[in-house]
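Asks: Sharing a model prediction with you, sequence too.
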Amino acid sequence: MNNNKKKKKEKELLELFSILSNNKTIYFINISNLNSNQIFILRKNFYEFNIKMKVIKNTLLKKSLEKIENKKFSSFFSILNGNTTILFSNLENGNIASKIIKNFHIQEKCESPYLKGAYVNESFYFGNKDLDILINIKSKEDYIIDILYILQFPIENIILSIKDKICNILESIRRKKIQNIN
């Protein structure tokens, strides 16, 4: 292998390592059954949500996965066959890519792109069967909103209770003042 090819491969490996190490959401999909127009539509949909899409060679992907400390991505080795395209983003909400894929399945009436695997919210998912699970994943913001919504009612009750007590106290004071005047 000449020096230029070796440098290019090392650059690709470093870039891929950086992608895998620095993104919160990573999907591995197979787009081999899609035509160029369908791939363009997918790429455009992902781009709208700042999700990047890149076709990767499996050997390069495996080498990059092996370099990640603590081997947390080793469970993806078994899916590294055939066509592999990687989707990645730093969005907190990791379900956007799965929603785009599912909508694409419905619009195009096909099972492609096929979800090979995903790493979302520090959990692993495999196969199209997990798309529905991924679609329903909530982001940290969603959980915070849910918690605040749940807490809203007890807080309202506490405030109403305090308000009632304050009103009762003020009414009592008013009556005492009226009695003292008479």
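Replies: Cool, got the structure.

Asks: shaky segments in this structure?
Replies: 1, 69-71, 182 (pLDDT under 70).

Asks: Could you list the domains of it?
Replies: 3-137, 140-182 (automatic domain parsing).

Asks: Let me know which of the ones you listed is tucked in deepest.
Replies: With neighbours defined as mean count of other CB atoms under 10 Å, those peak in mean count at domain 3-137, which reaches a mean of 16. (Each C-beta comes from the backbone N, C-alpha and C, glycine too.)

Asks: ends of stretch 111-123, how far apart?
Replies: One end of stretch 111-123 to the other measures 23 Å (CA to CA, to the nearest Å).

Asks: Quick check: chain neighbours aside, which residue is closest to the most centrally placed residue in the chain?
Replies: Most central in the chain under CA atoms, centre = their mean is residue 94, positioned 0.7 Å from the mean C-alpha point. Computed as CB to CB, 6 or more residues apart in numbering, the closest residue to residue 94 that is not its neighbour in sequence is residue 120, at 3.5 Å.

Asks: now do residue 138
Replies: Residue 138 sits nearest to residue 146 (CB to CB, 6+ apart), 7.4 Å away.

Asks: other SSEs contacting the helix or strand harbouring the one you found?
Replies: Assessed by DSSP states H and E, residue 146 sits inside helix 140-181. Of the remaining helices and strands, none touches helix 140-181 by 3 or more CB pairs under 8 Å, 6 or more residues apart in numbering; DSSP states H and E.

Asks: picking up where we left off before, test my guess that the residue nearest to residue 138 contacts residue 152.
Replies: No: using CB atoms under 8 Å, residue 146 makes no contact with residue 152, being 10.6 Å away.
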